[in-house]
Structure formats: C-alpha cells, structure tokens
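Engineer: Show me how the following folds:
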Amino acid sequence: MDKINWQEGYYIGKEYIEDPEKIEAIIQYCIKMPVRFEDFNISVSKDIKIIQGKGELLVNIEKTVSRKLFYDIVHNISKAVKDNDIEAAKTYVNAGRFVVGYISSSFPLIIDEIQKKKYLEGHLLVRTISLPEIIDVAIVSKENKKEGAVITGWPIPMPPFPPSKFLAKEADAIFIRDFIEAITCYFGYDINEGIRKIITSLENYWISYNLKKKNKSFKELVDLYIVEENYAYKEHNLKIIRKNIKYIYDIRNSIVHNKLRLKANDIYLLKIAIGSLSYVYQGKLIHVEHFNYVFSLTQQFIGIDHEFNGLNLDYGEKQKETAAESKGFVIKNKEDMDDYMFDGLNLTSEYVNEINTNYSISLKY
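Structural biologist: Numbers count the residues shown, from 1 in each chain. So this is what the prediction gives:
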C-alpha cells in the first residue's frame, strides 16, 4: 500500500486527482424501474448510454479515470484480501466510493431522460431516484472488457444522525417537516417540488409563529423579518439571504403559475435555497428547540451531500482550482467566516442570466 506524504498537504482524493497516469474505463450501474418504457435504448450524450432491461435501466458511462483508482479497485482489493492485509483492504474498498462519485456529475442527465419519458408516455409509477438507490455499480476497462470489478460496499445505508434523532421529538413542526421534504427532494433530484417546499416551509414558519400579516406580501415579510435586529449576522450578509429567498419565491411562482419546469441539472439552485432557508431559521425569533433541530438537519444535509458529491473526482478537480485561486484569503475572525459562508450563497449574475436564458424567463435577482 502506498504511503501518503502528509507534508505536501493532503486532501480527499488527492492520490487519484493528481495521478498522471490515466485509463479509459466504463462505469456501469443499474436503476430498478417499475415500468417498461417504449424504446429506451438511447445515448444521452456521447459518453452516456442507457439500455433497458426487463425491470431495470442499465447505464454505461465512459470516463477517463486515474489508473491508480482503477487498479486499487480491480486488482489491489483482492490482493490485500489474499495477503490478509485488512487495513489495506479497507482503504481499497473505500476507493470504490470515488467511482460512485463520478456518477453524480452525470446523474441529472439520466434523471431528466427518465422524467421526460414519464410524462410523454404517461407512466404513473415512475418517480425521481437518488444515488443510494442505484445498484450493481462496476468499472471495467474500455480496452479489455474482461478486466473489471463490481464496487463493494454500495449502496451505503445511512444510519440515523444522533443529534437530529434526539431533537426531533421535541421540535417537530410543520415548517420543519417542509424543510426536511425540500432536502429529500434535493437528494432525489426533484427540483421543482423542492423549490415549492422551500417557500411553503417559510410561509408555515410565519403562520406557526404568528408572524403573518394580512397587509404584507411575501416579499414584504422577507424585508420585515430578515434584518439585523433579528439575527447575529451583518446587513450585507442578510441582504444575500433576502435576495435569494425572493428569487426562489419568483421561481416557485413561475413553476406554479407559468409552467416553468426546472431540470435535474439545476440542482444547485435548490441547494442555495436550502442553505438560505437554514439561515432564516437561525434568527432570534425562532424557539431554541426549533433552532437546534434545523441546525442539526443542516449539518446532516451537508454531511450526506459531501458523501455523495464530495467524492466526485470531477468536482475535486474544480475544487483544487478554486482553492488555488483563493489561496490568499485568510479567515481571522467570525465576521470573516460569515462573509466566506454567505458569499458561497450569493448567486452570480451569470448564473441568473443562464437560468433566465435557458427557460425564456426574465426574473430579477
């Protein structure tokens, strides 16, 4: 087993991201499907193909991957087991999660195709799916199809998150249930329903705390309550949250009233919505048991999201570039940390323009 040079600065997936040797591979997985589509043997893109079986969809993704990653999974696991090297075997088994991580970048395209078929063919049993529901994940060499292996240890059943489990009974509320549903929609790539749940959650929060006012519109309530006197955050950061919530509200109205249908690839927007709403529920107006429960759910969300997407080596390459660009930024105090966190929630004008262009809408941010 190779040693890691910690002095050079280690990050998750470094040995694979920085591996100079590559191999052309095919990543395969299976999606259980309760219906049979009409002619669903298609090429989603030049690298992604879907073949329909009797009760499942078989997906092939062509990827250029780290040779070390490939050999760790295909050869080194079995060698470590044969040599009775348990620690090495555990490390190589963990490598399989990076293969699953590669899938996350292409998963939205698959979801969109399934949803398209659902509505165009009128299937009632088809729903969105999440990464833990895929099965029979494998990787094979594109050059030699006999060289490959099934990924062990997937799917990973998620255990209860102790803080959330402890807090849930004393903090159960309709607006928090809506918040949970929005997060569930995120992991199931049900973007439109997730956006609706975000706004419903906030409206139910105002009702639950008797904050709803007959003479105030939704956006006026946002301006009334998301202000410095109700939070431990500065105005320039709260302004980002107000802008986000108002924009998400306009998106929600376009979904409900103007036939807008976001695609699975717009999952980033729902992630921003979840992050923004979690900050709304960190104010002084909310009861401490609700505050703690939402905070715990948010940490749980971040952890699971990292589990599914943080091991995406494609994403890791981008993270490496971003880290290099921001190397000079130093967090010295709480305000610096707040600015850093809120800046991550700030939608760029380029992103908003892209949404407007893609869906022929004209929403302001």
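
Engineer: which helix in this protein runs the most residues?
Structural biologist: Using DSSP state H, we find that the single longest helix of the chain is helix 86-121.

Engineer: Quick check: mean pLDDT of it?
Structural biologist: The average pLDDT for helix 86-121 rounds to 84.

Engineer: Which positions in that helix come out as buried?
Structural biologist: By neighbour count on 16 or more other C-beta atoms under 10 Å, the buried set for helix 86-121 is 88-89, 91-93, 95-115, 117-118. Any C-beta I mention is one placed from the backbone N, CA and C, and that applies to glycine too.

Engineer: now swap in stretch 264-276 and tell me
Structural biologist: Buried residues in stretch 264-276 (16+ other C-beta under 10 Å): 264-267, 269-276.

Engineer: likewise stretch 250-269?
Structural biologist: In stretch 250-269, the ones that count as buried by 16+ other C-beta under 10 Å are 250-252, 254-255, 260, 262-267, 269.

Engineer: got a list of contacts for that stretch?
Structural biologist: Contacts with stretch 250-269, where a contact means C-beta atoms under 8 Å, 6 or more residues apart in numbering, come from 107-109, 111-112, 115, 128, 186, 189, 191-192, 195-196, 198-199, 248, 351, 355, 359, 361, 363-364.

Engineer: again, but for stretch 21-34
Structural biologist: 52-53, 55-68, 70, 99, 102-103, 110, 114, 125-126, 129, 133-143, 145.

Engineer: So which of these sit within strands?
Structural biologist: Mapping these onto strands (DSSP state E) picks out 52, 56-66, 135-141.

Engineer: Would you map out the domains in the chain?
Structural biologist: Here the domain parsing of the chain from automatic domain parsing is 6-150, 162-358.

Engineer: so can I have JSON lines of those domains showing distance to Ile156?
Structural biologist: Output for those, formatted as JSON lines (distance: least, C-beta to C-beta, whole Å):
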{"stretch": "domain 6-150", "distance to Ile156": "7"}
{"stretch": "domain 162-358", "distance to Ile156": "7"}
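
Engineer: These: lowest mean pLDDT?
Structural biologist: When I compare the domains of the chain, domain 6-150 is least confident, with a mean of 86.

Engineer: Report the contact partners of the nearest residue in space to Leu347 that is not next to it in sequence.
Structural biologist: Of all residues not flanking Leu347 in the chain, Tyr365 sits nearest, at 5.7 Å (C-beta to C-beta, 6 or more residues apart in numbering). By C-beta under 8 Å, 6+ apart, Tyr365 lies in contact with 243, 247, 347, 349, 352.

Engineer: Please pick the buried ones from the residues you listed.
Structural biologist: Applying 16+ other C-beta under 10 Å to the contacts of Tyr365 flags 243, 247, 347 as buried.

Engineer: Columns secondary structure and distance to Lys32 on top of the residues you listed, output as a markdown table?
Structural biologist: Listed next are these as a markdown table, based on DSSP: H, G, I helix; E, B strand; the rest coil; distance: C-beta to C-beta, whole Å:
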| residue | secondary structure | distance to Lys32 |
| --- | --- | --- |
| Lys243 | helix | 41 |
| Tyr247 | helix | 36 |
| Leu347 | coil | 36 |
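
Engineer: now, which of the residues you listed sits nearest Ile174?
Structural biologist: Nearest to Ile174, judged by C-beta to C-beta, of the buried ones among the contacts of Tyr365 is Tyr247 at 23.9 Å.

Engineer: excluding its backbone neighbours, what's nearest that closest one?
Structural biologist: Nearest to Tyr247 is Tyr365, by C-beta to C-beta, 6+ apart, at 4.9 Å.

Engineer: now swap in Glu289 and tell me
Structural biologist: Glu289 sits nearest to Ala171 (C-beta to C-beta, 6+ apart), 4.3 Å away.

Engineer: quick one: the one you found and Val288 touch, right?
Structural biologist: No - assessed by C-beta atoms under 8 Å, Ala171 is found out of contact with Val288, at 9.2 Å.

Engineer: The two: who's more crowded?
Structural biologist: Ala171 (19 against 8; other C-beta atoms under 10 Å).

Engineer: distance of that one from Pro163?
Structural biologist: In this structure, Ala171 and Pro163 are 11 Å apart, going by C-beta to C-beta, to the nearest Å.

Engineer: Please identify the buried residues of stretch 353-365?
Structural biologist: 355, 359, 363, 365.

Engineer: ok so, going back, can you tell me which of the buried ones among the contacts of Tyr365 comes closest to Pro157?
Structural biologist: Leu347 (34.5 Å).

Engineer: List the backbone torsions phi and psi for that closest one.
Structural biologist: phi -70, psi 130 (degrees, to the nearest 10).

Engineer: Kindly report the same for Asp47.
Structural biologist: According to degrees, to the nearest 10, Asp47 has phi -110, psi -10.
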